[in-house]
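> output the structure for:
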Amino acid sequence: MDRVTFPFFFHLADKYDKILPLFRSKIAINRRLVEYSRQSLVRYQKQVESDATSAKYTFVEKLFQAEKDKKITFDDILTNAQGFVTAGSDTTAITLTYLIWSVCKRPELRDALLKELRTLPGDFTEPDLRELPLFNQTVEETLRVYSSAPASLPRAVPQGGAHVGGYYLSEGTTMHRDPAIFENPDVFDPQRWANPTKAMKEAFMPFGRGSRTCIGMHLAYIELRLAAARFLLEFPNARVSAREGMSDRDMDSTMHFLMSPKGKRCLIEE
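Numbers count the residues shown, from 1 in each chain. Presented below is the predicted three-dimensional model:
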């Protein structure tokens, strides 16, 4: 993983650990990630080897086959595993944070969602949630406004504009904000997805598009739906707290390697 997450930084921090104590926690986190990924791979590999018929076939099996064919090494697989863990955790967690915050600051939306959710049986599953119109519109609107891949990837056209694929994009252009497609683009409005236009569907790509579409897209939708539904049902009176000076400014997006709320908190209370 070092070679894909700032290799120079990790080698430098390892070498000068005693004079750079600030980096110790970051190094420890990286090592835990490496070990967690390694243990998960070894456990899965043993399951496949012990009972191939009952073991659940996953994308990782393709990587193990490539290793057997001498196309890649175990370290290559380990690097991929760490990437999967990282890409599939903070991304969904941050999007879910903004989803809950957006709903809890709008009591009328929260109550409407609860009305929908309470039509489901107590043992509902994720497929049941797919049938709730407003609930899914809220998920989609969250993905439109708050990216599902909150990393420092280029999303705004630089000064002077740029030509991409033969098309000119003016400076400052960003995804999902074209007023000709999304009316009042900076307004959080789940109802816009009640009857989406063809242009909206074509322009909406929070997980990318084509052969590079995020492979975790369906898992992310499952997690977002289930977590949001369970939270709202468990805390039906949840609202954004004003304690400790919490305000909308705390939720302004800031970019490091990953996007996060500026205040590094989202206080919710009942």
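> any idea how far the closest residue to His163 other than its chain neighbours lies from Asp178?
Excluding the flanking residues, the one nearest His163 by Cβ to Cβ, 6 or more residues apart in numbering is Leu169, at 7.6 Å. Backbone N, C-alpha and C define where each C-beta goes, glycine included. To Asp178, Leu169 is 11 Å away according to Cβ to Cβ, to the nearest Å.
> follow-up on the earlier one: burial of the residue nearest to His163, as a residue count?
Residues within reach of Leu169, counting by other Cβ atoms under 10 Å, total 15.
> could you pull up the contacting residues of it?
157, 161-163 (Cβ atoms under 8 Å, 6 or more residues apart in numbering).
> restricted to strands, list the residues you listed.
Using DSSP state E, the subset of those located in strands is 162-163.
> do a quick rundown of the strands in the stretch 1-150 of the chain.
Ranges of strands within the stretch 1-150 of the chain: none, based on DSSP state E, counting those that start in this stretch.
> for this structure, give me the ranges with low pLDDT.
Counting by pLDDT under 70, the chain shows low-confidence ranges at 1-23, 148-156, 256-257.
> in it, which helix is the longest?
helix 24-50 (DSSP state H).
> now for Arg249, how many residues are close by?
When neighbours are counted by other Cβ under 10 Å, Arg249 registers 10.
> how about the strands in the stretch 151-270 of the chain?
Under DSSP E, counting those that start in this stretch, the stretch 151-270 of the chain gives strands at 162-164, 167-169, 239-240, 253-255, 259-261, 268-269.
> for Phe64, find the nearest of the ones you listed.
Nearest to Phe64, of all the strands of the stretch 151-270 of the chain, is strand 259-261, at 33.0 Å by Cβ to Cβ.
> endpoints of stretch 181-189, how far apart?
14 Å (Cα to Cα, to the nearest Å).
> again with stretch 244-253
Using Cα to Cα, the two ends of stretch 244-253 sit 19 Å apart.
> done for today, thanks.
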